[in-house]
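Enquirer: Here is the input, now give the coordinates:
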Amino acid sequence: METKPARAGEINAETKIVLKKFSFDQPELLETADGKELILVDHNEKEQMIDGETKIVGVFDHHKINFSYPEQIYFHAKAVGATATLVADRFFKHNIDISKEMAGILLGAILSDTVIFKSPTTTKKDKEIASKLNEKLGLNIEELGKEIKKAGMDMDKPAESLILRDFKEFNFGSKKFGISQIEIIGVEEFLKERKGEIVEAIKKVKQEKQYDCLIFAVTDIMKEGSEIFVSGEEEVIEKIFNIKLEQNSAWINGLMSRKKQITPPLETFFKN
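Expert: Numbers count the residues shown, from 1 in each chain. Now for the predicted structure:
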């Protein structure tokens, strides 16, 4: 198939540094899916698809499956830490040569999505593929991961901008949730200066988007845990995560993944 890469939204700081480091242009921004044939990469939920009349010809993903389509299509999904692991694995299995530049962006994507292998979604396969990609590069993998994550912090942005940086919408039963996550190094210093601003911002975003609940996780990569901010359904969130919210937030040790540690218990609770 003749294909070309495209993106569904703005490029974040982590993606920008990886594209620049390995000499790739930004993919085309799709404003609408009208008239397009799409392969969905790294997502399969209706709420996260581009608006418009489109034909879906395939899915390549590592998230939980919440997808239906009226035609037979190619669907490849595996429980690994990064969709880039599945993409790279196809190169290796079909003996397709990977350039140093392509190896770099695939490795960068794996390090970003697995939080330098600290996310509970990380698998042995992610580490194996990352190591194999690095044979082309000869880099210090952990240092590359830290470079990517530090570039992605960009913490001087307004709180509302930070909340919307990596934001996803979910429907759990009859409840509409917004769940956001950022990854930083040095959570205590950050919260000392910005906590009040974040609390006001999550309340504002929740009201504007008419969510039943908005959750914003500030994840410290090195400390390996998250401060979660909550607006709406506070008592239920306290019960589900066994926490006590103070000023709309609480620290959860070991919480690193929205996909594996935040959305599954919410989905279970609200669908029962």
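
Enquirer: Show me where the chain has its helices.
Expert: 13-21, 83-93, 100-113, 124-134, 141-153, 159-163, 187-209, 234-241, 263-271 (DSSP state H).

Enquirer: mind exporting the longest one as CSV, just the C-alpha atoms?
Expert: The C-alpha atoms that make up helix 187-209 are tabulated as CSV, following Å, rounded to 0.1, in the frame of the first residue of the first chain:
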residue,chain,number,x,y,z
VAL,A,187,7.4,16.6,41.5
GLU,A,188,7.8,18.3,44.9
GLU,A,189,9.4,21.4,43.6
PHE,A,190,6.9,21.7,40.8
LEU,A,191,3.8,21.3,43.0
LYS,A,192,5.2,23.7,45.6
GLU,A,193,4.9,26.5,43.0
ARG,A,194,1.9,25.3,40.8
LYS,A,195,-0.5,23.3,42.9
GLY,A,196,-3.1,26.0,43.5
GLU,A,197,-3.1,27.0,39.8
ILE,A,198,-3.6,23.3,38.8
VAL,A,199,-6.6,22.8,41.1
GLU,A,200,-8.3,25.9,39.6
ALA,A,201,-7.4,24.8,36.0
ILE,A,202,-8.9,21.2,36.4
LYS,A,203,-12.1,22.7,37.7
LYS,A,204,-12.3,25.1,34.8
VAL,A,205,-11.6,22.4,32.1
LYS,A,206,-14.1,20.0,33.7
GLN,A,207,-16.8,22.6,33.6
GLU,A,208,-16.0,23.8,30.1
LYS,A,209,-16.0,20.3,28.7
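
Enquirer: and stretch 34-45, average pLDDT?
Expert: Averaging pLDDT along stretch 34-45 yields 91.

Enquirer: okay, how far is it across it, tip to tip?
Expert: One end of stretch 34-45 to the other measures 18 Å (CA to CA, to the nearest Å).

Enquirer: got any ranges where the stretch 1-150 of the chain has weak pLDDT?
Expert: Applying pLDDT under 70 to the stretch 1-150 of the chain flags no residue at all.

Enquirer: Where does pLDDT dip in the stretch 151-272 of the chain?
Expert: 272.

Enquirer: List the contacts of the residue of the chain most remote from its centre.
Expert: In the chain, residue 95 marks the outermost C-alpha relative to the chain mean, sitting 29.0 Å out by CA atoms, centre = their mean. The contact partners of residue 95, by CB atoms under 8 Å, 6 or more residues apart in numbering, come to none. Any C-beta I mention is one placed from the backbone N, CA and C, and that applies to glycine too.

Enquirer: ranking the helices of the chain by burial, who's on top?
Expert: Mean neighbours per residue, mean count of other CB atoms under 10 Å, is largest over the helices of the chain for helix 100-113, with a mean of 22.

Enquirer: Now do it and helix 141-153, the angle between them.
Expert: With axes from the mean of the first three to the mean of the last three CA atoms, to 10 degrees applied, the angle from helix 100-113 to helix 141-153 works out at 70 degrees.

Enquirer: could you give the angle of helix 100-113 to helix 83-93?
Expert: Angle, helix 100-113 to helix 83-93, by the same axes, to 10 degrees: 140 degrees.

Enquirer: Show me which positions of stretch 163-170 end up buried.
Expert: With burial defined by 16 or more other CB atoms under 10 Å, the residues of stretch 163-170 counted as buried are 163-168, 170.

Enquirer: now the end-to-end length of it.
Expert: 15 Å.

Enquirer: and that stretch, how far out from the chain's middle?
Expert: Relative to its parent chain, stretch 163-170 has a centroid offset of 9 Å by CA atoms, centre = their mean, to the nearest Å.

Enquirer: again, but for stretch 183-194
Expert: On the basis of CA atoms, centre = their mean, stretch 183-194 sits 20 Å off its chain's mean C-alpha point.

Enquirer: Same check on stretch 254-272?
Expert: Centroid separation for stretch 254-272 versus its chain: 14 Å, with CA atoms, centre = their mean.

Enquirer: for stretch 67-74, same thing?
Expert: On the basis of CA atoms, centre = their mean, stretch 67-74 sits 24 Å off its chain's mean C-alpha point.

Enquirer: With stretch 48-63 instead?
Expert: That offset, for stretch 48-63, works out to 16 Å (CA atoms, centre = their mean).
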